[in-house]
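> Give me coordinates for this.
(one chain, ligands or ions: 1)
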Amino acid sequence: MKLVYEKSKSGRRASTLPQYGLPSVEAPEELRRAEPPRLPELAEPELVRHFTELSTRNFGVDTGFYPLGSCTMKHNPRVNERLAMLPGFKDLHPCQEEDGAQGALELMWRLQEILQEVSGLHACSLQPAAGSQGELTGLMLMRAYFADRGEGERRDTIITADTAHGTNPASVTMAGYKLAKVGTDGRGNLDLDDLRAKVDGRTAGLMLTNPSTLGLFDESISEVASIFHDAGSLLYYDGANLNAVCGISRPGDMGFDIVHINLHKTFSQPHGGGGPGGGPIVVRDRLEPFLPVPAVVRDGDRFRLDHDRPKSIGKVRGFTGPFGVFVRSYAYIRMYGPALREMSEVAVLNANYLLARLRDTYELPYDRLCMHEFVLSARKLKREHGVTALDVAKRLMDYGFHPPTIYFPLVVPEALMIEPTETEPKERLDAFADAMVAIAREAAENPELLGEAPVSQPVRRLDEVKAAKRAIVKYGFEEHPDLSGEVGEARQLEAQKGA
Ligand SMILES: Cc1ncc(COP(=O)(O)O)c(C=O)c1O
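Residues are numbered from 1 along each chain as shown. The predicted structure is shown next:
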């Protein structure tokens with residue numbers, strides 16, 4: 001397929017109409033660019049065809065099953081989009097005065113209330129734009145809390161699990177804490193002996209996701225919480241896996257003091273490819289004074305932004321956070337209403353159904369019922385046929401499925417981390433399980449094929465390190481002399497016209 005620049009023909013245009021009723025604004029001479037930008041020039045039909053063709057080469061949750069463990073790629077109901085596009089939401093300016101934004105403020109306040117209820121905690125800030133930013137915000141809250149108590153210097157360490165998502169240690173380091181890792185025991189729980197040996201007066205807190213990235217609920221969570229609270233430390237809940245427990249168990253009841261919620265996972269949001277996301281933070285009452293400003297508060301029937309929080313850590317994002325994400329998540333939650341628990345129950349049921357179908361074909365490192373996801377190992381295929389988790393993942397693309405997360409968590413060799421979510425019907429789950437079983441058979445009969453997979457996709461096996469580290473995201477005019485000449489001529493022409 002040609003690049004859009006390669007299709008460009010000088011002088012071709014797709015038209016846009018000026019906004020009705022708005023005066024046209026002339027940019028002052030000194031602010032105008034000296035040369036027109038080097039943009040591709042195409043008429044509308046070719047432009048539409050270009051992007052439509054591109055979109056057919058992509059894989060998304062709207063085109064197929066996307067069991068990317070820990071990422072919760074569930075269906076995004078279209079009604080959410082319609083609501084987010086209501087003019088009163090979409091066209092609202094972030095600097096609109098409060099009287100003209102009562103509906104938006106009320107929606108944010110109601111979402112905060114729901115997230116507090118779901119978490120079993122007392123106060124919420126919607127500001128962070130992703131789970132990872134929620135983590136950093138939570139650690140900044142811990143810093144502020146301990147500094148306020150005169151323990152800031154002493155408490156310098158955060159403990160994470162060896163199954164933790166990479167953002168956990170990264171956030172700990174960014175927040176200026178030392179990192180200590182605790183191992184996993186034979187049942188997939190935190191190793192309590194290792195934990196007891198590491199928690200002391202220097203420990204600021206724990207950062208943990210429960211269920212863990214193994215898809216297992218920690219059976220000793222109350223004891224874990226006591227160990228930290230007895231040491232005067234705090235517990236941070238990485239809510240990336242909240243889809244497993246909504247309405248069933250609450251992080252606050254487990255003993256956690258700070259929680260982030262990945263709105264874009266648990267409460268649906270078209271994500272992947274970097275956004276948009278939402279990572280609200282919910283805290284126990286003693287941490288409320290430190291939350292970011294402004295806080296969205298209710299005074300009787302009115303809603304307002306409260307900036308008067310002298311102990312606040314300040315702002316972590318522009319204005320009040322990613323508002324469109326709030327509308328979609330609020331709509332998703334309200335569609336379930338009091339039955340929100342069913343969302344998690346079906347997510348757990350779907351995961352256990354798939355696990356039951358696959359456990360005899362792939363190795364199951366921790367033999368327990370799973371929560372909303374599970375981790376298998378392709379270790380046996382590697383040992384017996386030289387076929388790796390990567391080969392299995394790539395071959396799944398030939399069967400029309402997005403690969404699961406692989407090689408994570410690090411404690412499982414040749415890991416395949418599978419999360420079906422609640423929005424998949426049984427037929428899809430069966431088709432996926434059939435494909436996984438067929439691939440295991442191919443591994444024995446034709447391992448070379450798996451080594452070459454995918455064989456039916458527009459792009460074959462990539463050098464992934466090179467693709468990630470040396471991605472070409474800019475058109476190289478200089479490497480395309482013919483085109484640069486053509487675009488150059490057009491630029492001269494435009495310049496002559498005074499554009
Ligand atoms: C367990 C876990 N923690 C934290 C994160 C970070 O969340 P975000 O991608 O929203 O920054 C993820 C993301 O996949 C995750 O799976």
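> pretty sure residue 106 contacts residue 303?
Yes: the pair residue 106 / residue 303 is scored as a contact, 5.1 Å apart, by CB atoms under 8 Å. All C-beta atoms are positioned from the backbone trio N, CA, C, and that covers glycine.
> Between the two, which is the more surrounded one?
residue 303 (20 against 15; other CB atoms under 10 Å).
> so that one, which of the three states?
strand (DSSP: H, G, I helix; E, B strand; the rest coil).
> bridging residues for it?
Residue 303 has these beta-bridge partners by DSSP bridges: residue 298.
> Contact partners for it?
By CB atoms under 8 Å, 6 or more residues apart in numbering, the residues touching residue 303 are 98, 102, 105, 106, 108, 109, 296, 297.
> Closest to the ligand out of those residues?
Set against the ligand, the nearest of these by CB to the nearest ligand atom is residue 108 (19.1 Å).
> and residue 444, how far is that from residue 117?
51 Å (CB to CB, to the nearest Å).
> More neighbours: these two, which one.
residue 117 (14 against 11).
> Is it correct that the more buried one falls within a helix?
Yes: under three-state DSSP, residue 117 falls within a helix.
> Need the pLDDT of it.
Looking at residue 117, its pLDDT stands at 98.
> Can you pull the residues of the stretch 51-200 of the chain lying near the ligand?
Neighbours of the ligand within the stretch 51-200 of the chain, by CB under 6 Å from any ligand atom: 70, 71, 130, 131, 132, 165, 167.
> follow-up on the earlier one: for the contacts of residue 303, which one is nearest residue 326?
residue 108 (5.8 Å; CB to CB).
> Could you name the specific helix or strand carrying the closest one?
helix 102-119 (DSSP states H and E).
> Which elements pack onto that helix?
helix 87-90, strand 123-125, strand 258-261, strand 281-283, strand 295-299, strand 302-306, helix 323-336 (3 or more CB pairs under 8 Å, 6 or more residues apart in numbering; DSSP states H and E).
> Need the residues that contact that helix.
So helix 102-119 is in contact with 88-89, 92, 98, 122-126, 237, 239, 242, 246-247, 250-252, 259, 261, 280, 282, 296-298, 302-305, 320, 323, 326-327, 329-330, 333, 340, going by CB under 8 Å, 6+ apart.
> Try it again at 6 Å.
The set of residues external to helix 102-119 that reach it, using CB atoms under 6 Å, 6 or more residues apart in numbering, is 92, 124, 126, 246, 250-252, 259, 261, 280, 282, 296, 298, 303, 326, 330, 333.
> swap in stretch 334-344?
Residues contacting stretch 334-344 (CB under 6 Å, 6+ apart): 244, 245, 246, 247, 248, 422.
> ok, so what distance separates the last one from the ligand?
Okay, so that is residue 422. 17 Å (CB to the nearest ligand atom, to the nearest Å).
> returning to what we had before: sort out which of the residues of the stretch 51-200 of the chain next to the ligand are buried, if you could.
Taking 16 or more other CB atoms under 10 Å as the criterion, what is buried in those is 70, 71, 130, 131, 132, 165, 167.
> and of those residues, the nearest to residue 204?
residue 167 (17.7 Å).
> Please, which helix or strand holds the closest residue in space to that closest one that isn't next to it in sequence?
Leaving aside its sequence neighbours, residue 167 sits nearest to residue 132 (CB to CB, 6 or more residues apart in numbering; 4.1 Å). Residue 132 is part of helix 131-148, with elements assigned from DSSP H and E.
> which helices and strands does that helix pack with?
helix 167-174, strand 258-261, strand 281-283 (3 or more CB pairs under 6 Å, 6 or more residues apart in numbering; DSSP states H and E).
> let's go with 7 Å and repeat that
Using 3 or more CB pairs under 7 Å, 6 or more residues apart in numbering; DSSP states H and E, the elements in contact with helix 131-148 are helix 167-174, strand 203-208, strand 234-239, strand 258-261, strand 281-283.
> Same list (those) but as TSV, adding mean pLDDT and distance to residue 27.
Listed next are the helices and strands packed on helix 131-148 as TSV, based on pLDDT from 0 to 100; distance: least, CB to CB, whole Å:
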stretch	mean pLDDT	distance to residue 27
helix 167-174	98	39
strand 203-208	98	48
strand 234-239	98	45
strand 258-261	98	42
strand 281-283	98	41
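> I'd like the ones you listed as JSON lines, with distance to residue 453 appended.
Rendered in JSON lines, the data for those read as follows (distance: least, CB to CB, whole Å):
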{"stretch": "helix 167-174", "distance to residue 453": "30"}
{"stretch": "strand 203-208", "distance to residue 453": "36"}
{"stretch": "strand 234-239", "distance to residue 453": "33"}
{"stretch": "strand 258-261", "distance to residue 453": "36"}
{"stretch": "strand 281-283", "distance to residue 453": "41"}
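> Can you give the contact residues for stretch 389-396?
Contact with stretch 389-396 is made by 378, 403-404, 406-407, 414-416, 435, 439, 450-451, 453-454, 461, as judged by CB atoms under 7 Å, 6 or more residues apart in numbering.
> Tell me the gap between that stretch and the middle of its chain.
Centroid displacement of stretch 389-396 relative to its chain, using CA atoms, centre = their mean, to the nearest Å, is 23 Å.
> Next up, the contacts around residue 415.
Residue 415 touches 375, 377, 389, 406, 407, 408, 409, counting by CB under 7 Å, 6+ apart.
> Distance check, it against the ligand.
13 Å.
> Same check on residue 312?
On the measure of CB to the nearest ligand atom, residue 312 and the ligand end up 22 Å apart.
> And the residue of the protein that's closest to the ligand?
Across the chain, the shortest distance to the ligand (CB to the nearest ligand atom) belongs to residue 131, at 2.5 Å.
> Starting from residue 71, give me the distance back to that residue.
10 Å.
> do the same with residue 142
Distance from residue 142 to residue 71, counting by CB to CB: 26 Å.
> picking up where we left off before, and the contacts of stretch 389-396, which of them are buried?
Here, 16+ other CB under 10 Å leaves 378, 403-404, 406, 414-416, 435, 439, 450-451, 453-454 buried among the contacts of stretch 389-396.
> and of the residues you listed, the nearest to residue 60?
Nearest member of the buried ones among the contacts of stretch 389-396 to residue 60, counting by CB to CB, is residue 403, at 13.7 Å.
> Quick check: closest non-adjacent residue to the closest one.
Closest residue to residue 403 apart from its sequence neighbours, by CB to CB, 6+ apart: residue 393 at 3.4 Å.
> Follow the chain on from the host helix or strand of that neighbour and name the next helix or strand.
Using DSSP H and E, residue 393 sits in helix 389-398. Counting by DSSP H and E, the element after helix 389-398 in chain order, helix or strand, is strand 405-406.
> Give me the contact status of that following strand with the ligand.
No: judged by CB under 6 Å from any ligand atom, strand 405-406 stays clear of the ligand, getting no closer than 8.4 Å.
> and that strand, what does it pack onto?
helix 389-398, strand 415-418.
> re the thing from before, would you mind getting the angle between the very next helix or strand once past the helix holding residue 132 and strand 234-239?
Counting by DSSP H and E, the next helix or strand C-terminal to helix 131-148 is strand 157-161. Per axes from the mean of the first three to the mean of the last three CA atoms, to 10 degrees, the angle that strand 157-161 makes with strand 234-239 is 40 degrees.
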